[in-house]
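Undergrad: model this:
(2 chains, ligands or ions: 2)
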Amino acid sequence: MSESNPPPSLPQKIRDSILPSSLDPQTDRERKLMVLDNIILHLHPTTLPEKTLQFTMTWGLGGMAALLTMILVVTGVMLMFVYTPSPDRAYNDILTLQTQVWFGQLVRNIHHWSGNLMVVVVFLHMLRVFFTGAFHHPKQLNWLLGLTMLLLTLAANFTGYLLPWDQLAYWAITVGTGLIEYLPIFGKWIQTVILGGPEVGAATLLNFYSLHIAIIPLALLGIMSLHFFRVRKDGGVVVPRAAGAEVEKKLQHVTTIPHLVVRELVVAMVMMAALLLWSMFMDAPLESLANPDVSPNPAKAPWYFMGFQELLLHFHPLIAALLIPMTALTMLAILPYLDPDIDGAGVWFRSVKGRVMGLVAVIVALIITPSLVVADEYWLDFAGWLPSLPMFISNGLVPLAIVLLGLIAFYDGMKKLFKATYCETTQATFILLLISFLTLMVIGIWFRGEGMALIWPW
Amino acid sequence: MMTTSTNTTAEDPTRRDFLKMAWVGLGGLALAETGLMSMAFLMPRVAEGEFGGLMEAGLVSDFPPNSVTPFNQGRFYLSRLADGGFLALYRKCTHLGCSVPWLPQENKFVCPCHASAFDATGNVLNPPAPRALDIFAVTIENGTVTVDTGTVISRDKFDPTQLVYA
Ligand code: HEM
Ligand code: FES
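TA: Ligands and ions are numbered 1, 2, ... in the order given. Got it, this is the predicted structure:
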């Protein structure tokens, strides 16, 4: 604006006080100012390396998780206007919501599917960060924050699962919290505090509701802000490059507006369209009113915990519910502090060799895991073969030791066979465990029927 | 003050150091108190009229030997063994917590969730359940059987001292 202009009008002054910069920026300087002046846009840098815009680097997954959180907050708050967290009212409120509230079923569907989709998206986001080697110094803290948010996402879903108070909800939470009892020493106590009594009841519903609508969303939003702040502090997302290519020193930068913002909007709109379409045709499940007298057969935990429930069929509970998950979590948490060579940062699967080894790991996992499950179902009976030993050893430590030996053999064999680096071998082992876990989850969800016996789903 | 300087160097702490430690100590104390208060606040409470408390099951003569009678309100089974001894079995499966129905034809409890089975004393017939069904205390006075569902008593397996006789 030049000095000869007349003084701004009152509406113009008000507008300037809200958004000082132009909404239709013409120059790069104006584009950068607009990013700086806007509370939402300022999460971005004003410019960024052109290469990091590549969609097949991030797949937009982090942004999708953030958008899903916003959608969940909005639809969740809408549900709160209809829903009462008490066993006498909860189920009826859901019925009212679905039959008498305008768009009630749709809002519930969007909330339900967004919550489930969020678990998938957050998990995929973690995998993308791992497989592009984007967690090394200085990004270690953000990896830890991300892990925490994955746990919070699971906790949000798990606590929300109980709220409709139908048979599905009641027994999934009963079985899911039943795992806690197996934690040594404090297990029973922790379980009683979480449930607010000896079994799932009114106190549990109120506890879960408070966690679901206040504690978990607040924690999630707080950590998310820190996560975004750190992405910028750590110099933006990892710069993609082809396998074997040198790390570039001088990077071509472009302005965030329009280059990044347009891409984000496209991802957001495609995701919202898909979510809306899906929610219009697929209703969130609702079974009959919760009945503490009658357990359904089979009673399954929510799908994202089915991998652990499947483990529980094969190992002593202390191993399946505590040792294995805790070890996996600890390994994930210290991973960024262990990897010594960071050559792979920005290259999908570290290197060409890393890709081949990963493929081998996938094939091994797909053969070994189902074979072990079937073998354990029909032939293996360590508890019967070693009757003098306590169950914790015969059905716990013994099979665990066998699995661990197998893992060590795999690690060593792959390292020698491919003359691979530490990074590539760790990644192959990670893939082996990942695919095994996903296989267990698939078996638990679709291949287990009455009494948790193995079945064909069709 | 009680915040003594246990971890100072050989030199005497200056007044500034001392005050700093006092602040940290007091802050820690306040934090611990708040933590304990929050924990106490969150402790489970049993609401009036909800499950958990003394419950009259009936007269001794109502329960023939070798019978298992369900009490849905109290969430237990009153089991009377062949020798006349009483046992109140909590119906919650010790595996992951499903409600176990009594199957009179087969003379056992079978859990619908993961197929654990228990006999009339609550002992495990079939894993994955790791231990016998939990029990509640039974008292018999003037021929009336009363069960205290306020406290869950867990046990590894059945033993005859758990039985109560009229
Ligand atoms: C401020 C945030 C949130 C609020 C206020 C909120 C509120 C609610 C309410 C009132 C219900 C009960 C209604 C119903 O069951 O349909 C519910 C259910 C549910 N919520 Fe949330 N929620 C929030 C965030 C989340 C998040 C972040 C997730 C997952 C990532 C989530 C997942 C679920 C699930 C899976 C259900 C069960 C849905 C169903 O089966 O109907 N919620 N939520
Ligand atoms: S809960 Fe009864 S067998 Fe699993």
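
Undergrad: residues in contact with B:Met43?
TA: Taking CB atoms under 8 Å, 6 or more residues apart in numbering or on different chains as the definition of contact, the neighbours of B:Met43 are A:Val193. C-beta here means a position set from N, CA and C on the backbone, and glycine is covered the same way.

Undergrad: if you skip the residues just before and after it, what's nearest to A:Ile435?
TA: The spatial neighbour of A:Ile435 that comes closest, neighbours along the chain excluded (CB to CB, 6 or more residues apart in numbering or on different chains), is A:Ala365 at 3.6 Å.

Undergrad: how close does that neighbour sit to chain B?
TA: Distance, A:Ala365 to chain B, using CB to the nearest CB, to the nearest Å: 25 Å.

Undergrad: now that residue: which helix or strand?
TA: helix A:352-378 (DSSP states H and E).

Undergrad: and what of A:Gly236?
TA: Element membership of A:Gly236 [criterion: DSSP H and E] is none; it lies in no helix or strand.

Undergrad: could you measure it against chain B, distance?
TA: 37 Å.

Undergrad: correct me, but B:Asn66 touches B:Ser79?
TA: No - taking contact to mean CB atoms under 8 Å, the distance of 9.3 Å between B:Asn66 and B:Ser79 leaves them out of contact.

Undergrad: who in chain B is up against ligand 2?
TA: B:Cys93, B:His95, B:Leu96, B:Gly97, B:Cys98, B:Cys111, B:Cys113, B:His114, B:Ala115, B:Ser116, B:Pro128, B:Ala129 (CB under 6 Å from any ligand atom).

Undergrad: what is the most widely separated pair among these?
TA: Among these, the pair separated by the greatest distance (CB to CB) is B:Gly97 and B:Ala115, at 14.6 Å.

Undergrad: what about the two, which has more around it?
TA: When neighbours are counted by other CB atoms under 10 Å in any protein chain shown, B:Gly97 comes out ahead of the other of B:Gly97 and B:Ala115, with 25 against 18.

Undergrad: A:Leu147 contacts A:Leu329, correct?
TA: Yes - because the distance of 7.5 Å satisfies CB under 8 Å, A:Leu147 is recorded as touching A:Leu329.

Undergrad: helices of chain B, start to end?
TA: All helices of chain B, identified by DSSP state H, fall at B:15-42.

Undergrad: how is it partitioned into domains?
TA: Per automatic domain parsing, the domain ranges recorded for chain B read B:14-43, B:54-162.

Undergrad: I'd like these as CSV, with distance to A:Ser436 appended.
TA: Rendered in CSV, the data for these read as follows (distance: least, CB to CB, whole Å):
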stretch, distance to A:Ser436
domain B:14-43, 37
domain B:54-162, 21
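
Undergrad: residues contacting stretch A:250-268, please?
TA: Outside stretch A:250-268, the residues within contact range by CB under 8 Å, 6+ apart are A:25, A:28, A:31-32, A:34-35, A:41, A:44-51, A:53, A:55, A:60, A:63-64, A:67, A:239.

Undergrad: now that we have the residues you listed, which of them are buried?
TA: For the contacts of stretch A:250-268, a burial check counting by 16 or more other CB atoms under 10 Å in any protein chain shown picks out A:25, A:31-32, A:34-35, A:41, A:44-49, A:51, A:53, A:60, A:63-64, A:67, A:239.

Undergrad: tell me which of the contacts of stretch A:250-268 fall in helices.
TA: With helices taken from DSSP H, the overlap with the contacts of stretch A:250-268 comprises A:Asp28, A:Arg31, A:Lys32, A:Met34, A:Val35, A:Phe55, A:Gly63, A:Met64, A:Leu67.

Undergrad: of all those, which two lie farthest apart?
TA: It's A:Asp28 and A:Met64 that sit farthest apart of the ones in helices among the contacts of stretch A:250-268, by CB to CB, at 28.5 Å.

Undergrad: which residues does the residue of the stretch 351-458 of chain A found nearest chain B contact?
TA: Per CB to the nearest CB, A:Gly451 is where the stretch 351-458 of chain A lies closest to chain B, at 4.0 Å. Under the criterion of CB under 8 Å, 6+ apart, the contact list for A:Gly451 reads A:Asn297, A:Pro298, B:Pro112, B:His114, B:Ala115.

Undergrad: how about a cut-off of 7 Å?
TA: Counting by CB atoms under 7 Å, 6 or more residues apart in numbering or on different chains, A:Gly451 touches A:Asn297, A:Pro298, B:His114, B:Ala115.

Undergrad: apart from its neighbours in sequence, what residue is nearest B:Phe76?
TA: The spatially closest residue to B:Phe76, leaving aside those adjacent along the chain, is B:Ala88, at 4.9 Å (CB to CB, 6+ apart).

Undergrad: got it, and A:Thr47?
TA: Using CB to CB, 6+ apart, the nearest residue to A:Thr47 is A:His253, at 4.4 Å.

Undergrad: of B:Asn66 and B:Ser79, which one has the most company?
TA: For B:Asn66 versus B:Ser79, the count of surrounding residues by other CB under 10 Å is larger for B:Ser79: 25 against 13.

Undergrad: local confidence estimate at the more buried one?
TA: B:Ser79 is assigned a pLDDT of 90 by the prediction.

Undergrad: what do you get for A:Pro340?
TA: At A:Pro340, the predicted lDDT confidence score is 65.

Undergrad: check A:Met34 too.
TA: For A:Met34, the pLDDT comes out at 86.

Undergrad: was I right to think A:Lys190 contacts A:Ile180?
TA: For residue A:190 the amino acid is Ile, not Lys. Yes - A:Ile190 sits in contact with A:Ile180 when judged by CB atoms under 7 Å, with a separation of 5.6 Å.

Undergrad: scan chain B for its longest strand.
TA: strand B:144-153 (DSSP state E).

Undergrad: just the CA trace of that strand, in PDB.
TA: Included here for strand B:144-153 are C-alpha records, laid out as PDB according to Å, rounded to 0.1, in the frame of the first residue of the first chain:
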ATOM      1  CA  THR B 144     -30.300 -69.500  56.300                       C
ATOM      2  CA  VAL B 145     -27.500 -69.300  53.800                       C
ATOM      3  CA  THR B 146     -26.000 -65.800  53.300                       C
ATOM      4  CA  VAL B 147     -23.300 -64.900  50.700                       C
ATOM      5  CA  ASP B 148     -21.000 -61.900  51.000                       C
ATOM      6  CA  THR B 149     -20.500 -60.700  47.400                       C
ATOM      7  CA  GLY B 150     -18.600 -57.600  48.600                       C
ATOM      8  CA  THR B 151     -15.200 -59.300  48.600                       C
ATOM      9  CA  VAL B 152     -14.000 -61.600  45.800                       C
ATOM     10  CA  ILE B 153     -11.800 -64.400  47.300                       C
END
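
Undergrad: identify the residues contacting it?
TA: Contacts of strand B:144-153 from elsewhere in the structure, counted by CB under 7 Å, 6+ apart, are A:198, B:51-60, B:74-76, B:78, B:86, B:88, B:90, B:134-139.

Undergrad: for the residue of the stretch 351-458 of chain A at minimum distance from ligand 2, which residues are in contact?
TA: Nearest residue of the stretch 351-458 of chain A to ligand 2 (CB to the nearest ligand atom) works out as A:Met452 at 7.9 Å. Counting by CB under 7 Å, 6+ apart, A:Met452 touches A:Pro298, A:Leu313, B:His114, B:Ala115.
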